[in-house]
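*Asks:* After the sequence you'll find the predicted model.
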Amino acid sequence: MPHAGLTDEPARKKGTSVRKLVVITAAAAGVGLVGTAVAATAGTSAPSPNATQVAAAAGRIAWKPCPAKDPVLGELLKGLECGSLQVPLDYARPKGKKIRLALTRAKATDTKNYQGIALLNRGGPGGYGRDLPTRFATGSNGLPKTIGAQYDWIGFDPRGVAGSEPKLSCAPSYLYPGKARPDYVVRTAAQERVWLKRAKAYAASCGKKYGATLKHINTKNVARDMDAIRAALGKKQTNYFGYSYGTYLGSVYASMYPHRVRRMVLDSVVRPSRVWYEANLDQNVAFEKRAQIFFAWIAKYDSVYHLGKTKKAVEANYYKGRAKVKKKPIDGKIGPSEYDDIFLPSGYRNYYWVDHAKVIADWVLRNDPKGLRENFAEPAWLDQNGYAIYLAVESRDAPWPRNWKRWHNDHARQYRQGAKFLTWGNAWYNAPAAFWAVPGAKPQKIGAKAPKILVTQPQNDAATPTPGAFEVHRLFPNSRLVLELGGNNHGTALTPNANQCMNDWVSKYLATGALPGSKKGADATCKANPAPNPTAATVKSAPADDPVAPIRR
């Protein structure tokens with residue numbers, strides 16, 4: 001699932017359903033589905049370009065005010081400057097086919113204390129980014145305006161995403177066929193074959209439509225695109241802020257171009273050694289722990305929700321609600337798989353808990369489906385595009401098992417061991433990767449001594465579990481790690497309801513480059529904000545606008 005993240009676009013308005021990423025990040029049977037011409041060339045790789053080739057490939061960016069309504073992102077770009085940049089589809093052939101990157105900019109207003117450009121990524125992979133500069137420049141995300149005014153904030157839709165090219169979108173029925181999908185949780189071989197047929201068809205659709213282009217949709221090339229943006233802006237170095245999958249993108253960039261990094265913040269961190277199949281298995285375990293924390297919180301407020309005074313009782317009621325929609329899908333559209341997707345955001349961030357607990361109670365205790373309907377929507381083009389890019393990037397970044405037996409055994413074991421909340425849903429979200437037209441390449445080696453990176457991590461993050469932050473901290477010896485003790489929200493700094501202590505560390509670093517002193521383990525810690533209290537006079541629920549990656553679906 002996206003690491004999203006964060007991972008993984010902003011959260012949709014109320015009334016829509018969203019799906020994961022952090023980790024932003026992702027035999028032969030699938031290759032046969034899309035033709036031998038693609039299969040024959042997919043495994044070959046041209047030499048990697050050097051920095052001079054990347055700089056030579058960079059053109060110029062002509063900035064102009066963004067339109068009042070962008071054709072893809074609507075009104076999200078108001079007040080920003082828009083531009084585009086032509087880059088090679090294949091950097092090993094810089095004079096070959098070009099693709100276009102869509103960019104935005106919020107220019108620094110404090111030119112006396114100017115600190116350069118700062119590229120931004122919210123995660124995914126597949127999340128757009130052109131709306132992000134507004135948040136950093138105006139202080140709407142918690143960054144003091146005096147600091148935000150010192151940077152040129154650069155938003156970009158990564159290659160293939162939203163306003164950039166190539167615009168990938170494959171068989172739309174895989175995410176949603178217009179009616180309730182089969183249950184994620186397969187209990188017979190026949191049920192599993194239904195999902196496998198769908199996954200193979202999706203992979204075949206992508207391969208047929210985009211062919212060998214798919215081998216150029218990967219994190220290394222997005223990092224090269226970032227360096228082309230830097231070069232086109234005439235800067236020797238860049239600053240960077242990435243959430244969720246954006247932390248892997250940042251890690252790759254800092255490993256490929258360590259001398260180009262000025263300051264870099266990596267928030268909610270992907271574990272490089274696990275990209276991407278193993279990272280998703282790690283998520284299954286971590287999300288179960290987060291689900292249990294959520295159920296225990298509901299039990300604490302049994303006087304409000306009446307779903308049980310124990311974690312076990314609440315869990316039973318949660319799955320009772322799932323069984324009801326499996327027996328009779330709401331409106332023929334919301335079945336058990338949609339039910340799972342609706343509540344998945346509560347595994348990402350605890351500010352969904354108040355709303356979601358009420359939805360469960362209304363459905364289970366009062367047979368009222370209003371809340372489920374309000375939290376569900378069929379995927380729009382942006383969802384389809386984001387999903388295609390998610391699979392394209394993760395399938396190409398690293399090898400995935402091509403033998404479905406391994407997938408089955410791994411996920412069946414995890415489910416049997418108690419990881420019920422996400423496991424099979426995550427399996428089918430990623431399943432097309434087992435049959436992708438272009439096999440995974442060797443992952444980028446991560447690590448460098450030069451960058452003084454700030455790593456921030458919530459302790460209970462499920463999308464990008466905490467070992468990822470410690471691993472990246474170790475691989476970049478000059479980095480510093482700030483751990484949010486008890487932190488439950490994926491995306492821990494400069495996000496809605498963020499911890500002020502975490503915001504302060506990030507703000508200080510962006511202002512002056514100051515980092516905590518080096519210590520064994522985490523270099524500094526912050527205590528997490530308390531969990532929501534539904535009995536309080538003012539209850540904070542899910543914000544209308546969330547800057548981290550799309551959650552899931």
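*Replies:* Structure's in. What do you need? Fair warning: this is a prediction, and the values are worked out from it, not measured in the lab. Numbering: from 1, shown residues only.
*Asks:* wait, what's in contact with Val472?
*Replies:* Counting by C-beta atoms under 8 Å, 6 or more residues apart in numbering, Val472 makes contact with 247, 251, 266, 269-272, 446, 453, 455, 479. Where C-beta positions appear, they are placed from N, C-alpha and C, glycine not excepted.
*Asks:* burial measure for Leu475, as a count.
*Replies:* Number of residues near Leu475 (other C-beta atoms under 10 Å) recorded here: 18.
*Asks:* For Val185, see how far away the closest residue to it other than its chain neighbours is.
*Replies:* Nearest-residue entry for Leu475: Gly447, 3.7 Å, with adjacent residues in sequence omitted and distances by C-beta to C-beta, 6 or more residues apart in numbering. Distance, Gly447 to Val185, using C-beta to C-beta, to the nearest Å: 39 Å.
*Asks:* now do Gly487
*Replies:* 30 Å.
*Asks:* and if you look at Pro458?
*Replies:* 28 Å.
*Asks:* do the same with Ala398
*Replies:* 27 Å.
*Asks:* The two: which is more packed in?
*Replies:* In terms of neighbours (other C-beta under 10 Å), Ala398 is the more surrounded of Ala398 and Val185; the figures are 23 against 18.
*Asks:* Was I right to think that one contacts Pro443?
*Replies:* Yes: under the criterion of C-beta atoms under 8 Å, Ala398 makes contact with Pro443 at 4.5 Å.
*Asks:* Per the annotation, how does the protein divide into domains?
*Replies:* Here the domain parsing of the chain from the TED database is 79-168+232-272+445-527, 170-216+276-442.
*Asks:* tell me the secondary structure for Lys358?
*Replies:* On the three-state scheme (DSSP: H, G, I helix; E, B strand; the rest coil), Lys358 is labelled helix.
*Asks:* so what pLDDT did the spatially closest residue to it that is not a sequence neighbour get?
*Replies:* Leaving aside its chain neighbours, Lys358 sits nearest to Gly371 (6.4 Å; criterion: C-beta to C-beta, 6+ apart). If you check Gly371, the pLDDT there is 97.
*Asks:* could you list every residue that touches Gly371?
*Replies:* Shown in contact with Gly371 (C-beta under 8 Å, 6+ apart): 355, 358-359, 362-363.
*Asks:* Which one (most neighbours) among those residues?
*Replies:* Greatest neighbour count in those, by other C-beta under 10 Å, goes to Trp363: 24 neighbours.
*Asks:* is it true that that one touches Glu374?
*Replies:* No: the pair Trp363 / Glu374 is not scored as a contact, 11.6 Å apart, by C-beta under 8 Å.
*Asks:* Am I right that Tyr318 falls within a helix?
*Replies:* Yes: judged by three-state DSSP, Tyr318 forms part of a helix.
*Asks:* So Asn489 lies in a strand, does it not?
*Replies:* No: per three-state DSSP, Asn489 lies outside any strand segment and is coil.
*Asks:* So what does it look like in phi/psi?
*Replies:* Main-chain torsions, Asn489, degrees, to the nearest 10: phi -100, psi 120.
*Asks:* Now it. Nearest residue, chain neighbours left out?
*Replies:* In space, Asn489 is closest to Arg349, 4.4 Å off (C-beta to C-beta, 6+ apart).
*Asks:* can you tell me how far the one you found sits from His490?
*Replies:* Arg349 is 6 Å from His490, by C-beta to C-beta.
*Asks:* of those two, who's got more company?
*Replies:* Between Arg349 and His490, His490 has the larger neighbour count (other C-beta under 10 Å), namely 35 against 27.
*Asks:* I'd guessed the more buried one sits against Asn460; true?
*Replies:* No: at 9.5 Å, His490 does not count as touching Asn460 under the criterion of C-beta under 8 Å.
*Asks:* End to end on stretch 441-452, go ahead and measure it.
*Replies:* 28 Å (C-alpha to C-alpha, to the nearest Å).
*Asks:* Please identify the buried residues of it?
*Replies:* Neighbour-count burial for stretch 441-452, counted by 16 or more other C-beta atoms under 10 Å, picks out 441, 443-444, 446-448, 451-452.
*Asks:* Next: stretch 280-296.
*Replies:* Residues 280-288, 290-295 are the ones in stretch 280-296 that count as buried (16+ other C-beta under 10 Å).
*Asks:* now stretch 455-469
*Replies:* In stretch 455-469, the ones that count as buried by 16+ other C-beta under 10 Å are 455-466, 468-469.
*Asks:* likewise stretch 257-276?
*Replies:* Of all the residues in stretch 257-276, those buried under the rule 16+ other C-beta under 10 Å are 257, 260-272, 274-276.
*Asks:* helices and strands of this protein: which one bottoms out on pLDDT?
*Replies:* The weakest-scoring helix or strand in the chain, judged by mean pLDDT, DSSP states H and E, is helix 29-33 (a mean of 26).
*Asks:* List the contacts of Trp488.
*Replies:* To be clear, residue 488 is Asn; Trp isn't right here. For Asn488, counting by C-beta under 8 Å, 6+ apart, the contacting residues are 290, 293, 349-350, 458, 460-461, 528, 531.
*Asks:* is it possible to export the residues you listed to a markdown table including pLDDT?
*Replies:* Formatted as a markdown table, these follow (pLDDT from 0 to 100):
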| residue | pLDDT |
| --- | --- |
| Arg290 | 97 |
| Ile293 | 97 |
| Arg349 | 92 |
| Asn350 | 93 |
| Pro458 | 97 |
| Asn460 | 96 |
| Asp461 | 96 |
| Ala528 | 96 |
| Ala531 | 94 |
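*Asks:* nearest to Lys215, of the residues you listed?
*Replies:* Nearest to Lys215 out of the contacts of Asn488 is Asp461 (C-beta to C-beta; 31.1 Å).
*Asks:* For Arg271, see how far away the closest one is.
*Replies:* Distance, Asp461 to Arg271, using C-beta to C-beta: 11 Å.
*Asks:* One more: Lys200?
*Replies:* Computed as C-beta to C-beta, the Lys200 to Arg271 distance reads 29 Å.
*Asks:* Ser169 too?
*Replies:* To Arg271, Ser169 is 29 Å away according to C-beta to C-beta.
*Asks:* can you check Gly126 too?
*Replies:* As defined by C-beta to C-beta, Gly126 lies at a distance of 19 Å from Arg271.
*Asks:* Toward the C-terminus from the helix or strand containing Asn239, list the very next helix or strand.
*Replies:* Following DSSP states H and E, one finds Asn239 within strand 238-243. Scanning forward in sequence from strand 238-243 by DSSP H and E, the next helix or strand is helix 245-256.
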